[in-house]
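**Student:** return a 3D structure for these sequence lines:
(one chain, ligands or ions: 1)
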Amino acid sequence: MIIFTRVQELQDHLNIVQDQQKTIGFVPTMGALHEGHLALVKISKKSNDITVCSIFVNPTQFNDPGDLEKYPRTLENDSKMLESVDCDIIFAPPVSEMYSAAELELKRQKVEDKDWTGGKTVDFGQLDKVMEGTQRPGHFNGVAQVVSKLFRIVKPNRAYFGQKDFQQLAIIRSMTQQLGLPVEITGCPIVRESDGLAMSSRNVRLTATERKVAPLIAKTLFSVKEMKEKHSIAELKTFAEAQITSEPLMQLEYFEIVDAETLQPVSNYKEAKSIVACIALKLGSVRLIDNVIL
Ligand code: PAF
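**Tutor:** From the prediction side, this is the model:
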């Protein structure tokens with residue numbers, strides 16, 4: 001496994017790989033890796049000659065500077081984990097390698113940077129106006145910005161993202177299509193702890209008491225999935241909201257049942273081909289999201 005921190009050095013290496021007609025699979029991450037990330041690497045390795053994993057805590061997607069500061073940075077442990085699944089390349093650039101001072105200044109002034117599209121117009125329509133979009137202004141712009149930069153640097157054939165960030169996956173698909181980037185996007189199943197809690201880098205920040213109640217999130221989603229045969233969407237919403245608000249340590253941000261493609265809320269099952277229940281809440285000071293396809 002080789003670790004690169006500079007764009008030019010990574011590209012010099014990948015140019016040779018591409019000249020040999022080898023395919024590149026790419027797993028973008030912000031580090032603090034867990035089994036969910038390793039599952040993405042394993043999936044990539046099955047379909048590609050070379051797998052690149054990036055580890056970059058992207059400042060432009062954090063709307064809360066405290067959250068950015070607290071985000072765990074565990075490169076040494078991450079490298080060991082990636083080595084254990086035979087990842088070929090880690091790309092772990094410093095911030096200065098990814099952003100100009102001008103780009104960071106726009107972020108500091110909370111001015112949405114639209115210049116990362118290379119002159120093209122990218123419009124997410126209603127995709128970024130719901131759920132995470134309403135709770136975290138500017139977040140998806142930052143995600144799309146960094147992922148498009150990473151795609152242009154790595155030039156992967158395929159890229160792999162977890163379905164836990166369901167809305168992020170939809171935004172990345174839309175961005176890739178609108179910018180005409182030649183990357184196949186694959187969404188991969190959520191990996192869960194044995195008690196159902198969706199794996200997340202944030203889980204390590206839960207206290208022992210919070211960790212004990214955290215499985216209620218997945219339990220609620222799985223119950224909703226079971227109940228759908230006999231209950232209306234409105235009833236599922238009432239049930240899920242009551243479950244979460246009955247737990248004093250949890251503060252519900254949203255529970256939405258949406259069209260899996262457009263992410264717009266639906267009020268009956270016939271409105272969409274595929275429907276997904278999405279939840280976001282705060283458990284103590286930790287913000288957690290999860291979802292289940294109904
Ligand atoms: O899902 C994440 O870890 C991040 O949002 C991503 C896609 C690596 C972009 O920074």
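**Student:** now the helices for the stretch 1-150 of the chain?
**Tutor:** Along the stretch 1-150 of the chain, counting by DSSP state H, counting those that start in this stretch, helices occupy 7-19, 35-47, 65-70, 75-84, 95-98, 101-108, 132-135, 139-154.
**Student:** in JSON lines, list the ones you listed along with distance to residue 218 and mean neighbour count.
**Tutor:** Every residue, glycine included, has its C-beta placed from N, CA and C. Listed next are the helices of the stretch 1-150 of the chain as JSON lines, based on distance: least, CB to CB, whole Å; neighbours: other CB atoms under 10 Å:
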{"stretch": "helix 7-19", "distance to residue 218": "37", "mean neighbour count": "14"}
{"stretch": "helix 35-47", "distance to residue 218": "14", "mean neighbour count": "19"}
{"stretch": "helix 65-70", "distance to residue 218": "23", "mean neighbour count": "12"}
{"stretch": "helix 75-84", "distance to residue 218": "23", "mean neighbour count": "15"}
{"stretch": "helix 95-98", "distance to residue 218": "34", "mean neighbour count": "14"}
{"stretch": "helix 101-108", "distance to residue 218": "33", "mean neighbour count": "14"}
{"stretch": "helix 132-135", "distance to residue 218": "18", "mean neighbour count": "17"}
{"stretch": "helix 139-154", "distance to residue 218": "23", "mean neighbour count": "22"}
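**Student:** out of those helices, which comes closest to the ligand?
**Tutor:** Nearest to the ligand among those is helix 139-154; the distance by CB to the nearest ligand atom comes to 4.8 Å.
**Student:** ok, and does the closest one reach over to the ligand?
**Tutor:** Yes. Helix 139-154 is in contact with the ligand by CB under 6 Å from any ligand atom, via 143, 146, 147.
**Student:** name the nearest residue to the first one, ignoring sequence neighbours.
**Tutor:** Take residue 143 and drop its neighbours on the chain: the residue closest to it by CB to CB, 6 or more residues apart in numbering is residue 61, 4.8 Å away.
**Student:** same question for the last one.
**Tutor:** In this structure, residue 147 finds its nearest non-sequential neighbour in residue 172, 5.6 Å apart by CB to CB, 6+ apart.
**Student:** same question, the second one
**Tutor:** Closest residue to residue 146 in three dimensions, ignoring its sequence neighbours and counting by CB to CB, 6+ apart: residue 58, at 4.2 Å.
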